[in-house]
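Enquirer: Mind looking at a prediction? Sequence and model below.
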Amino acid sequence: SLSATAAASFPPLTDEQGEARLRDLVRMAGVDHDRVVESDGPLPPWSDYAALYGRSPRISGLGTCGTFRDSVPSHRRSVGPAGMFNTGTNLLNEMLLHCRVAAGGRASFRESIFGVRWQVPWGKHTPASWRGRHVSEIDRKRGSDPPNATEVLPVAIIKDPYGWMGSMCRHTYSVNFRKSSIHCPNLVGIEGDKNKKVGEPYMAQVRYSKFNVTKHASLAHIWNDWNGAYHDVADYPRLVVRYEDLLLHPETVTKAICDCAGGTLRTGPGGFALQARSVKGDERAHWGSSGLIAALRRYGSEERRVEGYDEADLRYAAEHLDGELMKAYGYSHPTLSRAWKGQTAK
């Protein structure tokens, strides 16, 4: 088996280097830093991001890159994002377009641009177990033969579970759970909830298709199950990156993925570029998605991280979130006395 779970080590950024990084991120997005500050105030200090996510990116699976390059001819290689809903798969695709993994231009719509795919061929949101057993709807409708799964390097995105569950309250996509009118993420019933006993978990399910629905004890268990499957992969090369590192270390993460696949990072005259607007475009299901600046504000705030939770939800999450996954990707539980403000969903 492949030792895919070891995380690579990157040099940590000091507070001074981190503040410079934040200014660079705003510049990469083509936005004037002073105007950002004048409009909505300064971004959170680098020390706040470091307290939540550490001072350097974490990428799991870089030890398997040599196996991928050795087993797949360079002209056959491709790389594709995977991730649960609300984890930044479109953002990763935009970043990877700076990378040339294979020769040749666009093969067909959303298939591959220089070896960079819009998603893994078995579907970016579907479970890791579907690899090699399922063809995404876009590939199926296109009618062409999908690539051999062994020729695609999957890059799965994991997201801080507290921020991810908050995202699911704003955009549920194909995840179904009964929302409470007084708190969300609602993991357990609290006093005042209708049709739910105090302390009783809110079950959640994911509808991948009409005939493929998975049931989970709560939103927290969806996070455990989906991410745990990619984390535990040991029989083929794969990477797992953090959503927060896509925001804070975009060029470092993109280069690491590109190098892993045997590609070359290419940037324009102005260097590595990002998009200040949401990369999801104007598709109806994606309206209201955060742009870069808004995301930096949201995910650098410990208070906004727990926005909408009741104290009972936070206690349930701390008890039921997978401790191994939390530790492997550097996520910590909120300190109730410091982080929780008794907020409820609006």
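Expert: All right, it came through fine.
Enquirer: contacts and neighbour counts: CA atoms only from here.
Expert: Fine.
Enquirer: could you dump stretch 257-267 to PDB, C-alpha only?
Expert: Extracted in PDB, the C-alpha atoms of stretch 257-267 (Å, rounded to 0.1, in the frame of the first residue of the first chain):
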ATOM      1  CA  ILE A 257       0.200  19.900  -6.800                       C
ATOM      2  CA  CYS A 258       1.700  20.700 -10.200                       C
ATOM      3  CA  ASP A 259       5.100  19.300  -9.200                       C
ATOM      4  CA  CYS A 260       3.400  16.100  -7.900                       C
ATOM      5  CA  ALA A 261       1.700  15.500 -11.300                       C
ATOM      6  CA  GLY A 262       4.900  16.200 -13.100                       C
ATOM      7  CA  GLY A 263       3.700  19.500 -14.500                       C
ATOM      8  CA  THR A 264       5.000  23.000 -14.900                       C
ATOM      9  CA  LEU A 265       3.700  26.100 -13.200                       C
ATOM     10  CA  ARG A 266       3.100  28.900 -15.600                       C
ATOM     11  CA  THR A 267       2.100  32.400 -14.700                       C
END
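Enquirer: ok, the residue lying closest to residue 163 once chain neighbours are set aside to residue 207 distance?
Expert: Distances taken as Cα to Cα, 6 or more residues apart in numbering put residue 305 closest to residue 163, at 5.4 Å, once the chain neighbours are dropped. Note on residue 305: its distance to residue 207, by Cα to Cα, to the nearest Å, is 26 Å.
Enquirer: ok, the two, which is more surrounded?
Expert: The neighbour comparison of residue 305 against residue 207 (other Cα atoms under 10 Å) goes to residue 305, with 23 against 15.
Enquirer: Just the pLDDT for the more buried one.
Expert: Confidence at residue 305, expressed as pLDDT, is 96.
Enquirer: same deal with residue 145?
Expert: What the model reports for residue 145 is a pLDDT of 61.
Enquirer: Check the one 4 residues further on too.
Expert: The predicted local confidence for residue 149 comes out at a pLDDT of 90.
Enquirer: correct me, but it touches residue 130?
Expert: No - if you go by Cα atoms under 8 Å, residue 149 and residue 130 don't touch, sitting 10.4 Å apart.
Enquirer: Now do the strands in the stretch 1-150 of the chain.
Expert: Along the stretch 1-150 of the chain, counting by DSSP state E, counting those that start in this stretch, strands occupy 59-60, 78-83, 99-100.
Enquirer: and the ones you listed, which is most packed in?
Expert: A comparison of the strands of the stretch 1-150 of the chain by mean neighbour count, using mean count of other Cα atoms under 10 Å, puts strand 78-83 on top with a mean of 28.
Enquirer: With only the CA atoms kept, save that strand in PDB.
Expert: Output in PDB follows, covering the C-alpha atoms of strand 78-83 (Å, rounded to 0.1, in the frame of the first residue of the first chain):
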ATOM      1  CA  SER A  78      -4.200  14.600 -15.600                       C
ATOM      2  CA  VAL A  79      -5.200  16.100 -12.300                       C
ATOM      3  CA  GLY A  80      -8.700  16.800 -11.000                       C
ATOM      4  CA  PRO A  81     -10.300  18.400  -7.900                       C
ATOM      5  CA  ALA A  82     -12.600  16.500  -5.500                       C
ATOM      6  CA  GLY A  83     -14.400  17.700  -2.500                       C
END
